[in-house]
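> Sequence and predicted structure are below.
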Amino acid sequence: MLKSTILSATILAAALGAPAAIAEEKTEFKVAWSIYVGWMPWGYLEESGIMDKWAEKYGISVEIVQINDYVESINQYTAGAFDGVSATNMDTLSIPSGGGVDTTALIVGDYSNGNDAVILKGAGGLEDLAGKPVNLVELSVSHYLLARGLDSVGLSERDLGGVINTSDADMIAAYASDDVEAVVTWNPLVSEILGSNPDATNVFDSSKVPGEILDLMVVNTETLADNPAFGKAVAGAWYEVMALMASGDEAALTAMAEASGTDLAGYEAQLEATEMFFDPAAAVAQAESPDLPTTMTNVAAFLFDKGILGEGAPSPDFVGVAYPDGSVTGDENNVRFRFDATYMQMAADGAL
């Protein structure tokens, strides 16, 4: 499963009842990741030995573990089994932060710039979704993208013929069925549907909401505070791989492509729909963007509307989100999500 947030009552209860990772000085760390174009470097870091090299520099060890189920990886992080996890900004806010685990965005890796799309069967535009059922992974970034698209044309979910929860594993087959009229999904499914069906029309994608679907490496805030070497090692290793990717290193890119189940051309096509922050200075700029608080306010409003911002959340402001300049959106007395540019700035300054 890729970038989906299927929050059943069981999953949410587990997240809310889970303890945070124990904050203390230590030398062994574990981070989790799952398959997605912007997160493939995490697997390469582990397999290539680059993570080990940087960890050794700081006298620690960092194990990078692939989890096949994206939501499960975040739940395990929330439960304290991992010190960090690859996650979107929306899913970080809803699961660990909404569940009370103080979490920091250590690295802003990229944002979806076309990887997520609303696809209509037949010709038309967003307005033509009115009255039609839409298949998507409910309560996921696909659901959020649909809401943003509908809002841009003066529609809402109430104007649809319903939202049908459909697993990403079933999306290709669903689109092929006669009773499905529109789907919302992410790459590589988007590319497959558009490339295999002449009647498929991309009516709205994440390039229309740049910077809103952020792909992050988030870590436990207290663990990071007690162990700056952890932040330095992870950031140093990440940006070494970013430099390889920016230079077009074919060996590294091919390894990532194969690990994601495609070839080099297929992976590069997905990268074209991804705004990767190869330069740490660009990642810092994204974390410090004046638009980010507005984005997170929109995300919080969506999550609250769907009832997944946190158990008993009284308003969209339930969880406080802090930014590098010290400002906060949401509840200043309940800050549980932090964008911190410290380690990205160190990478930009060559200080790692």
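Sure thing, it's come through.
> Strands of the stretch 101-250 of the chain, start to end?
Using DSSP state E, counting those that start in this stretch, the strands of the stretch 101-250 of the chain run over residues 103-112, 116-121, 134-136, 163-165, 182-186, 200-205, 214-220.
> residues of stretch 28-36 that come out buried?
For stretch 28-36, the neighbour count (16 or more other CB atoms under 10 Å) marks 29-36 as buried. C-beta here means a position set from N, CA and C on the backbone, and glycine is covered the same way.
> Alpha carbons only: can I get it in CSV?
Below are the C-alpha coordinates for stretch 28-36, written out as CSV (Å, rounded to 0.1, in the frame of the first residue of the first chain):
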residue,chain,number,x,y,z
GLU,A,28,20.8,2.4,18.0
PHE,A,29,18.0,3.7,15.9
LYS,A,30,15.4,2.3,13.5
VAL,A,31,13.4,4.1,10.8
ALA,A,32,10.6,2.6,8.6
TRP,A,33,9.7,3.3,5.0
SER,A,34,7.3,2.1,2.4
ILE,A,35,7.4,1.9,-1.4
TYR,A,36,6.7,5.2,-3.2
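> Now flag whichever of the buried residues of stretch 28-36 is closest to residue 185.
Using CB to CB, residue 36 is the member of the buried residues of stretch 28-36 that sits closest to residue 185, with 12.6 Å.
> Next one: the closest one from residue 29, what distance?
Separation of residue 36 from residue 29 (CB to CB, to the nearest Å): 22 Å.
> How about residue 247?
With CB to CB as the criterion, residue 247 and residue 29 are 28 Å apart.
> Residue 352 now?
16 Å.
> now do residue 305
Distance of residue 305 to residue 29, given as CB to CB: 36 Å.
> I figured residue 318 hits residue 332, correct?
No. With contact defined as CB atoms under 8 Å, residue 318 and residue 332 do not form a contacting pair (12.0 Å).
> Name the residues of the helix or strand containing residue 282 that are buried.
Element membership of residue 282 [criterion: DSSP states H and E] is helix 280-287. Within helix 280-287, the residues scored as buried using 16+ other CB under 10 Å are 280, 282-284, 286-287.
> domains for the chain, by residue range?
For the chain, automatic domain parsing gives the domain ranges 9-111+212-348, 116-208.
> Reformat the ones you listed as a markdown table; add mean pLDDT.
Below are the domains of the chain laid out as a markdown table (pLDDT from 0 to 100):
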| stretch | mean pLDDT |
| --- | --- |
| domain 9-111+212-348 | 92 |
| domain 116-208 | 94 |
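> Could you single out the most deeply buried of the ones you listed?
Burial of the domains of the chain is given as mean neighbour count (mean count of other CB atoms under 10 Å); domain 9-111+212-348 ranks first at a mean of 20.
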